[in-house]
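Asker: Any chance you can model this:
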Amino acid sequence: MDSRIEQLRRAAGAIIRVQLDVDVPTEPPDELGMLGRDLVELGQALGRRLEQMRSLAACGRRGARRPPGWASRSSSAWWRRTAGRST
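Answerer: Numbers count the residues shown, from 1 in each chain. Purely as a prediction, here's the structure:
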C-alpha cells in the first residue's frame, strides 16, 4: 500500500480538527498527489473562511457595521422587499 494514503488520511483528520499547518504529500503528480493538492486547497480555504468569521465577530464586538460586501444575497433581497414598507 502507498504510504501517502496514511499521510493523506492523517492530514484530513488534522483539517477536521482545524489544524491547518499539516504536511500533505502532493508529489508525484498522480491521483494521490492531486488529492493532496486538493487537501491543501481545502485547508487554505478553511483558513480564509475562519479569518473572515473572526473579523466579522470582532466587528460585532466593537458594535461596528458589517464591512461592504458582507451582506448575504438573502438579506439583501429581504431589504429590497421591505425597504418601502412602514413598520
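Asker: Helices along this protein, start to end?
Answerer: Under the criterion DSSP state H, helices of the chain are mapped to 3-16, 31-61, 73-82.
Asker: And the second one, how far out from the chain middle?
Answerer: Taking the mean C-alpha point of helix 31-61 and that of its whole chain, the gap between them comes to 3 Å (Cα atoms, centre = their mean, to the nearest Å).
Asker: Same question for the first one.
Answerer: Taking Cα atoms, centre = their mean, the mean C-alpha location of helix 3-16 is offset from the chain mean by 18 Å.
Asker: Now tell me which of the helices of the chain the model trusts least on average.
Answerer: Set side by side, the helices of the chain give their lowest mean pLDDT on helix 73-82, at a mean of 58.
Asker: residue contacts, the residue positioned nearest the centre of the chain?
Answerer: The chain has Leu46 as the residue nearest its centroid, 2.7 Å off, counting by Cα atoms, centre = their mean. Going by Cβ atoms under 8 Å, 6 or more residues apart in numbering, Leu46 touches 15, 18, 20. The C-beta positions use only the backbone N, C-alpha and C, and glycine is treated the same way.
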